[in-house]
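Student: Just need the structure, nothing else, for what follows:
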Amino acid sequence: MQLNPGHGVDFGAVGKVLLIVGTLYVLSSLFAWFQGYLMAGVVQRVVYRLRTEVDLKLARLPLKYFDDHARGTRSVG
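Tutor: A predicted model of the protein is given here:
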């Protein structure tokens, strides 16, 4: 970097720095969007798999289990 007192601002160098910073900002934004997109897909697959496994587990339980275990209410006594 050359400093010449009294010669003003080197707008060419400022423009290059702004271009680099702007490019990095755009790339960062694209990568953040892509990461969010991937994570949303992963989360949906995991939740779907968990719900499927819970449904299969509940389907294997005998009806007597549901008769003996109240759901959603609590008996005080």
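Student: and residue 4, backbone torsions?
Tutor: Per-residue torsions, residue 4: phi -120, psi 100 (degrees, to the nearest 10).
Student: Residue 18 versus that one, what's the distance?
Tutor: 21 Å (C-beta to C-beta, to the nearest Å). For glycine as for every other residue, the C-beta is placed from the backbone atoms N, C-alpha and C.
Student: Residue 27 too?
Tutor: 15 Å.
Student: ditto for residue 49
Tutor: For residue 49, the distance to residue 18 - C-beta to C-beta - is 47 Å.
Student: Likewise for residue 52?
Tutor: Distance from residue 52 to residue 18, by C-beta to C-beta: 51 Å.
Student: about what we covered before: more crowded one of residue 4 and residue 18?
Tutor: A count of neighbours by other C-beta atoms under 10 Å puts residue 18 above the other of residue 4 and residue 18, at 11 against 7.
Student: So, low pLDDT: which residues of this protein?
Tutor: Within the chain, the segments meeting pLDDT under 70 span 1, 72-77.
Student: now with 90?
Tutor: Counting by pLDDT under 90, the chain has low-confidence residues at 1-11, 58, 61-77.
Student: Show me where it has its helices.
Tutor: For the chain, the helices defined by DSSP state H occupy 11-60, 63-68.
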